[in-house]
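Asker: fold the following and give me the result.
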Amino acid sequence: MANTARKHQQQSSNSATLSGLSDEELVTAHLDGRPGAFQELFDRYRDRLVHFITRKTGDPDRAQDLVQEAFIRVTRHLHRFDTDKKFSTWVYTIASNLSKNELRNRSRSPLVLFQKLTSNWDDDHRPLQFEDLTMRPDDLYRKRFLQRLVEDTVEELPEHHRLVFRLRELDGKSYEEIAEITGVNLGTVKSRLHRARNSFAQRIEHLLN
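Answerer: So this is what the prediction gives:
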């Protein structure tokens with residue numbers, strides 16, 4: 001019992017001592033094999049980094065994962081850290097780079113590309129654009145993949161929905177032109193297009209998730 005109490009007292013004393021060390025001293029202590037030094041660093045920055053990454057990405061759950069990833073990278077490269085420099089600058093730089101990568105990967109996903117393509121459905125009647133010669137090859141590949149997916153999904157729509165969807169979203173026809181081509185009134189065109197868009201979005205989002 002006495003040994004347990006003594007061990008607990010030593011742990012408490014060690015924790016109190018570690019909390020008084022600077023970040024850079026904690027790095028040195030960890031590299032020297034001192035127990036609890038790295039955990040103290042992690043505890044010191046975890047919540048701050050979660051808040052920092054959440055502000056950048058808007059995703060608190062993903063921020064938790066990215067903080068873990070940040071400290072995995074810290075562990076891998078800590079032996080090369082220059083203790084004459086600030087640890088906080090280093091760890092925030094790692095977190096910032098991870099956040100940028102996260103946002104970049106999101107922006108290139110087919111689902112996000114599709115959401116961008118369809119975000120202004122009712123603003124004008126320009127057709128969906130899949131080709132852009134200024135794009136990087138990997139982004140162009142994703143858009144071509146998306147184009148094939150869109151075309152395949154359109155084919156699954158009921159015939160009367162498929163026609164108005166193609167005329168509006170792929171060919172860029174106006175509502176009036178679609179009414180003339182299909183021989184139905186303007187209200188029916190808009191109604192069919194609304195249902196076609198909803199059906200299309202449900203189908204393609206399921207495929208992209």
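
Asker: what's the first helix or strand after the lowest-mean-pLDDT helix or strand in the chain?
Answerer: Lowest by mean pLDDT, DSSP states H and E among the helices and strands of the chain is helix 2-19, with a mean of 52. Later in the chain than helix 2-19, the nearest helix or strand by DSSP states H and E is helix 23-31.

Asker: right, and the helix or strand after that next one?
Answerer: Scanning forward in sequence from helix 23-31 by DSSP H and E, the next helix or strand is helix 37-57.

Asker: what residues does that following helix touch?
Answerer: Contacts with helix 37-57, where a contact means Cβ atoms under 8 Å, 6 or more residues apart in numbering, come from 15, 18-19, 21, 23, 26-27, 29-30, 60, 62-64, 66-67, 70-71, 74-75, 87-88, 91-92, 95-96, 98-100, 102-103. For the C-beta atoms, the positions are set from N, CA and C on the backbone; glycine is no exception.

Asker: pull out the buried residues from these.
Answerer: Buried subset of the contacts of helix 37-57 (neighbour count, 16 or more other Cβ atoms under 10 Å): 18, 21, 23, 26-27, 29-30, 62-63, 66-67, 70-71, 74, 87, 91-92, 95, 98-99, 102.

Asker: not counting sequence-adjacent ones, nearest residue to residue 23?
Answerer: residue 87 (3.7 Å; Cβ to Cβ, 6 or more residues apart in numbering).

Asker: you'd agree the one you found is up against residue 27?
Answerer: Yes - counting by Cβ atoms under 8 Å, residue 87 touches residue 27, with 6.0 Å between them.

Asker: can I get stretch 51-69 in PDB? Just the C-alpha atoms.
Answerer: This file holds the C-alpha atoms of stretch 51-69, laid out as PDB (Å, rounded to 0.1, in the frame of the first residue of the first chain):
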ATOM      1  CA  HIS A  51      -9.900  24.400 -32.700                       C
ATOM      2  CA  PHE A  52      -7.300  25.700 -35.200                       C
ATOM      3  CA  ILE A  53      -8.000  23.000 -37.800                       C
ATOM      4  CA  THR A  54     -11.800  23.100 -37.300                       C
ATOM      5  CA  ARG A  55     -11.700  26.900 -38.100                       C
ATOM      6  CA  LYS A  56      -9.800  26.000 -41.300                       C
ATOM      7  CA  THR A  57     -11.800  23.000 -42.400                       C
ATOM      8  CA  GLY A  58     -15.200  23.500 -40.800                       C
ATOM      9  CA  ASP A  59     -15.200  19.800 -39.700                       C
ATOM     10  CA  PRO A  60     -14.600  19.200 -35.900                       C
ATOM     11  CA  ASP A  61     -14.600  15.400 -36.300                       C
ATOM     12  CA  ARG A  62     -12.100  15.400 -39.100                       C
ATOM     13  CA  ALA A  63     -10.000  17.900 -37.000                       C
ATOM     14  CA  GLN A  64      -9.600  15.300 -34.300                       C
ATOM     15  CA  ASP A  65      -8.100  12.900 -36.900                       C
ATOM     16  CA  LEU A  66      -5.800  15.500 -38.300                       C
ATOM     17  CA  VAL A  67      -4.500  16.400 -34.900                       C
ATOM     18  CA  GLN A  68      -3.600  12.800 -34.400                       C
ATOM     19  CA  GLU A  69      -1.900  12.800 -37.800                       C
END
